[in-house]
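Enquirer: Any chance you could fold what I've pasted below:
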Amino acid sequence: MKSKIEQLKNDALALLEKVSDRENLEALKTDVLGRKGKLNELMKEMMSLADDERKVIGQFANELKGSIESAFGDKERFMFEQEELRRAEDEWIDVTAPGNFPDAGHLHPVTQTMVEIEETFKKIGFTAARIPEIDWDYYVFESLNMPGDHPARDDWETFFVDGPEGPKGKLVLTPHTSNSQVRVMENQKPPIRMININRTYRRQSDTRHLSMFHQFEGLVVDRGITITHLKGVLDYFAKTYFGPNRTTRLRPHHFRFTEPSFEIDISCGVCNADPSVNCRLCKEGWMELGGAGMVHPNVLKSGGLNPEEFSGFAFGWGVERTMMMKEGMNIDDIRMLYKNDLRFVKQF
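Expert: Below is the predicted model of the structure:
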């Protein structure tokens with residue numbers, strides 16, 4: 001019996017030396033020291049021994065059991081220490097190294113431009129207005145002195161919404177932000193200094209046009225407003241936003257909702273107003289930004305104001321074109337703004 005117990009100890013220690021992972025260590029421990037393990041099976045055989053022999057063998061067996069348990073304990077501590085060393089190596093962190101920050105997004109350059117435009121006009125007393133971009137054709141056309149046969153009211157020029165007509169006509173995706181003029185006059189008494197920035201929609205797409213783009217609309221209405229006030233506001237914006245070296249020009253034009261009317265051009269920032277460059281954006285050194293003029297008397301009447309008492313001016317410019325003409329932008333195709341190319345967007 002004594003030799004069997006010693007052999008069990010020797011076998012267990014030999015196997016223990018070969019164990020290299022916790023799973024096999026636990027399996028060996030259960031096999032040797034478990035409730036149904038080999039040592040307990042030998043201890044059961046002691047029941048057949050005489051009392052004197054059982055006492056001696058029992059003491060011997062307990063001593064060997066203690067040494068086996070001690071050996072298993074040493075092995076467990078050794079394996080734990082090795083695991084900790086490997087973990088420390090794998091998870092080592094250099095606390096002096098700079099952190100890796102996740103990529104953070106930012107506002108699209110067009111959105112940044114809208115914020116800049118609004119803030120520029122707020123400095124001279126303009127108040128931001130928010131007007132629907134899907135509106136009744138009364139506000140988009142009729143109230144702006146455009147008759148029913150006006151070309152802009154053709155299905156091939158404007159996006160009409162396929163739906164039932166209301167008391168103010170059809171619903172339309174606004175082709176300009178000028179629908180804000182009468183809406184503001186209906187709800188606000190002069191003096192009015194309004195700036196409205198919104199999406200607009202037209203059936204156009206090329207280097208200078210998009211089917212969806214943004215405009216900002218300015219409206220000033222009060223007593224004694226003249227063209228000199230209009231020119232002063234436009235010059236202020238051009239010098240503030242584009243820089244002191246850029247120049248603007250007014251060209252006579254015809255708009256149904258202003259009289260007199262002008263188109264506003266700015267010297268091209270891509271070719272530096274050099275007509276010999278053959279610029280693919282401006283073509284001739286000047287870039288059209290939008291229209292402007294004195295508010296037509298019929299529009300003032302639609303807004304509930306007496307044109308004999310009040311006058312005003314309005315202007316509507318494209319946000320994307322305005323941004324493209326900013327100093328140093330050098331964007332010669334408006335469609336580039338909406339291609340979602342991160343190489344382009346990350347520059348801003």
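Enquirer: CA atoms for contacts and neighbours, from now on please.
Expert: Noted.
Enquirer: so how far does stretch 138-157 reach from one end to the other?
Expert: From the first residue to the last, stretch 138-157 extends over 17 Å; the measure is Cα to Cα, to the nearest Å.
Enquirer: Beyond the host helix or strand of residue 288, next helix or strand please.
Expert: With elements delineated by DSSP states H and E, residue 288 resides in strand 286-295, which encompasses its position. Where DSSP H and E defines the elements, the next helix or strand beyond strand 286-295 is helix 297-302.
Enquirer: Which residues outside that next one are in contact with it?
Expert: Taking Cα atoms under 8 Å, 6 or more residues apart in numbering as the criterion, the residues outside helix 297-302 that touch it are 143, 144, 145, 182, 185, 257, 306, 307, 311.
Enquirer: Identify each buried residue in it, please.
Expert: By neighbour count, with 16 or more other Cα atoms under 10 Å as the criterion, the buried positions of helix 297-302 are 297, 298, 299, 300, 302.
Enquirer: Let me know the closest of the residues you listed to residue 167.
Expert: Taking Cα to Cα as the measure, residue 302 is the one of these closest to residue 167, at 15.6 Å.
Enquirer: The closest one and residue 233: what is the separation?
Expert: With distances defined as Cα to Cα, the gap from residue 302 to residue 233 amounts to 25 Å.
Enquirer: Ok, residue 117 next?
Expert: For residue 117, the distance to residue 233 under the criterion Cα to Cα works out to 13 Å.
Enquirer: Between the two, which is the more surrounded one?
Expert: For residue 117 versus residue 233, the count of surrounding residues by other Cα atoms under 10 Å is larger for residue 117: 20 against 14.
Enquirer: Flag every buried residue along the helix or strand encompassing that one.
Expert: Residue 117 is located in helix 109-122, with elements delineated by DSSP H and E. Within helix 109-122, the residues that count as buried by 16+ other Cα under 10 Å are 109, 110, 113, 114, 117, 118, 120, 121.
Enquirer: Turn those residues into JSON lines, columns for pLDDT and distance to residue 161.
Expert: Putting the buried residues of helix 109-122 into JSON lines (pLDDT from 0 to 100; distance: Cα to Cα, whole Å) gives the following:
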{"residue": "109", "pLDDT": "87", "distance to residue 161": "29"}
{"residue": "110", "pLDDT": "90", "distance to residue 161": "26"}
{"residue": "113", "pLDDT": "92", "distance to residue 161": "29"}
{"residue": "114", "pLDDT": "94", "distance to residue 161": "26"}
{"residue": "117", "pLDDT": "95", "distance to residue 161": "30"}
{"residue": "118", "pLDDT": "95", "distance to residue 161": "29"}
{"residue": "120", "pLDDT": "95", "distance to residue 161": "34"}
{"residue": "121", "pLDDT": "96", "distance to residue 161": "32"}
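Enquirer: Which stretches in the stretch 201-348 of the chain count as strands?
Expert: 212-222, 248-255, 258-267, 286-295, 311-318 (DSSP state E, counting those that start in this stretch).
Enquirer: quick one: which of those is nearest residue 20?
Expert: Among the strands of the stretch 201-348 of the chain, the nearest to residue 20 by Cα to Cα is strand 212-222 (68.1 Å).
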